[in-house]
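Engineer: Can you look at this prediction? I've put the sequence above it.
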Amino acid sequence: MKKIWIVYLLLIVFFLLYVLDYRSQSQLNEQWRTAGLRGEIDEKYVMVTFQMGIDYWKSSLKGFEDAAQALNVSVEYRGSTQRDVHEQITVLEQIIAKKPAGIAISAIHPADLTETINKAVDAGIPVVLFDSDAPGSKAYSFLGTNNYSSGVRAAQKMAELTNGRGQVAVVTTPNQQNHQDRTDGFLATIQKDYPEMKVVAVKNGKGDQIYSRQSTEEILRDYPEITGIFATEANGGIGVAEAVRELNIGEGQRPKIISFDTDKGTLDLVKSGDISATMAQGTWNMGYWSLHFLFSLGHDLNTAQIPGTPPVPEQVDTGITVVTRHNVDDYYAK
C-alpha cells in the first residue's frame, strides 16, 4: 500500500513539473511576442539596388526574403534598371513617399545618394546600407565585404598565380566606393609586398561587360607582356576574359585573371580556366542581416544589449572566400 502511495505522489510531482514547464514556455513565447521579435505581415521593408536585373543581387534578396519569413514581415525589391545614380535617387524618393518600415540600400555612388538617404532617416525611416557604402550618410549601419581587405587578398592571390613577378593591371569602377576600396587594397599590397610586380594600368570598366572588354583590349595593346588583370566586379571579369580569349594563345601563356562574385557566367569561366580565381562575397548574409537590423531599429531593440551603445553595429564584415577550379562546384546555385 505504501508503495502505491509513493507512485501516486511521484505522478503528482511529475504532473506539476509538466504544468510549470508548460506555463514557463508559454510565458517565454509571450515575452518574445510582446518584445517585438515577431512583426506584422503588413509591415513592409524595401531592398533597393541598381542594375536590379543582374544575377548578383539574387543571393542578397534571398537572404532578405528568408529574414522576412522568420520575422513575419513583408518585403519589396526595387532599384534602378541601369547603373544610373539619378534613376536610383528617383526610386529612393518614391519609396520614401510610401513610408515603409525600413530601407536596405546598396548605394551606386558613395556621396550622391547621401542627401536622399538622410531624408529617409530624418523622416523616421530606418536605413541600412549593404554591399556598397555611403559613408557620409545618416544610415545606421553598413553590411558588406571589407573591400580593402578583399583587394589585399586579390593581390596576394595574383602574386601566387604569377610567381610574384611581372606587370599587372586593374579594371574597376572608380566612382563606386566598394570598387575603389578593392582597387586601393590591391595597389597598396602590390607596391608594399611584391617589388618584382608592377601595376601598369588602372582602367574604368564602368561595371559593364563591353566597356571592360574594351579597356582590357587597350591594356593588352599597350602592355603585351602583361601577366595578370584584376577585375573588381563580375561584369568586368567576364569582359576581361573575353578580351584575353581573343589573344588565341595557350592557357599557360595568357594573363591570369582574378574577378569578383559568383554569378553563373563567372563560375563557368573559372571552371573553364579563363578566369583563374574569383572572390566570393557573403551576399546572403548582407540581405539577411540587413532586414534583422532594420527590424531591430523599427522596434527599438538594441542588438548589443548594452545601454549607451548604438542599437545595431555600425559596420559588419560579411566575409570573403577565394573560388578556383578546385572549389568552384560548391558555389553554383543548388
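Structural biologist: Nice, thanks for sending it over.
Engineer: helices or strands up against the helix or strand hosting Val91?
Structural biologist: Element membership for Val91 (DSSP states H and E) is helix 85-97. The contact analysis (3 or more Cβ pairs under 8 Å, 6 or more residues apart in numbering; DSSP states H and E) places helix 85-97 against strand 44-49, strand 74-79, strand 102-105, helix 114-122. C-beta coordinates here come from the backbone N, C-alpha and C atoms, glycine included.
Engineer: Touching, Leu129 and Ala139? I think so.
Structural biologist: Yes - between Leu129 and Ala139 there is a contact under Cβ atoms under 8 Å: 4.8 Å.
Engineer: Dump the helices and strands packed on helix 85-97 to a markdown table, plus distance to Leu92.
Structural biologist: Shown next, in a markdown table, are those (distance: least, Cβ to Cβ, whole Å):
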| stretch | distance to Leu92 |
| --- | --- |
| strand 44-49 | 6 |
| strand 74-79 | 8 |
| strand 102-105 | 7 |
| helix 114-122 | 5 |
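Engineer: which of those sits most buried?
Structural biologist: strand 102-105 (a mean of 27; mean count of other Cβ atoms under 10 Å).
Engineer: That one pairs with which strands, and in what direction?
Structural biologist: Using DSSP bridges, strand 102-105 pairs in its sheet with strand 44-49 (parallel), strand 127-130 (parallel).
Engineer: now the first one, how far from the centre of its chain.
Structural biologist: If you compare the mean C-alpha spot of strand 44-49 with that of the full chain, they lie 15 Å apart, counting by Cα atoms, centre = their mean, to the nearest Å.
Engineer: How about the last one?
Structural biologist: Strand 127-130 has its average C-alpha position 11 Å from the chain's average C-alpha position, going by Cα atoms, centre = their mean.
Engineer: following it, which helix or strand shows up next?
Structural biologist: Next along from strand 127-130, by DSSP H and E: strand 142-144.
Engineer: pLDDT on that following strand, on average?
Structural biologist: Regarding strand 142-144, the rounded mean pLDDT is 96.
Engineer: What residues are recorded as beta-bridge partners of the nearest residue to Gln315 once chain neighbours are set aside?
Structural biologist: Spatially, and ignoring its direct neighbours in sequence, Gln315 is nearest to Phe142 (5.2 Å; Cβ to Cβ, 6 or more residues apart in numbering). Beta-bridge partners recorded for Phe142 (DSSP bridges): Leu129, Gln315.
Engineer: distance of Phe142 from Asp181?
Structural biologist: To Asp181, Phe142 is 12 Å away according to Cβ to Cβ, to the nearest Å.
Engineer: likewise Ala277?
Structural biologist: As judged by Cβ to Cβ, Ala277 and Asp181 stand 19 Å apart.
Engineer: Settle it for me: which of those two has more neighbours?
Structural biologist: Ala277 (25 against 22; other Cβ atoms under 10 Å).
Engineer: Please identify the helix or strand for the closest residue to Asn147 other than its chain neighbours.
Structural biologist: Once flanking residues are discounted, Asn147 sits nearest to Asp181: 3.6 Å by Cβ to Cβ, 6+ apart. Counting by DSSP H and E, the element that carries Asp181 is helix 177-193.
Engineer: Show the subsequent helix or strand relative to that helix.
Structural biologist: Using DSSP H and E, the first helix or strand after helix 177-193 is strand 197-204.
Engineer: and the angle from that next one to helix 177-193?
Structural biologist: Note on geometry: by axes from the mean of the first three to the mean of the last three Cα atoms, to 10 degrees, strand 197-204 and helix 177-193 are set 160 degrees apart in direction.
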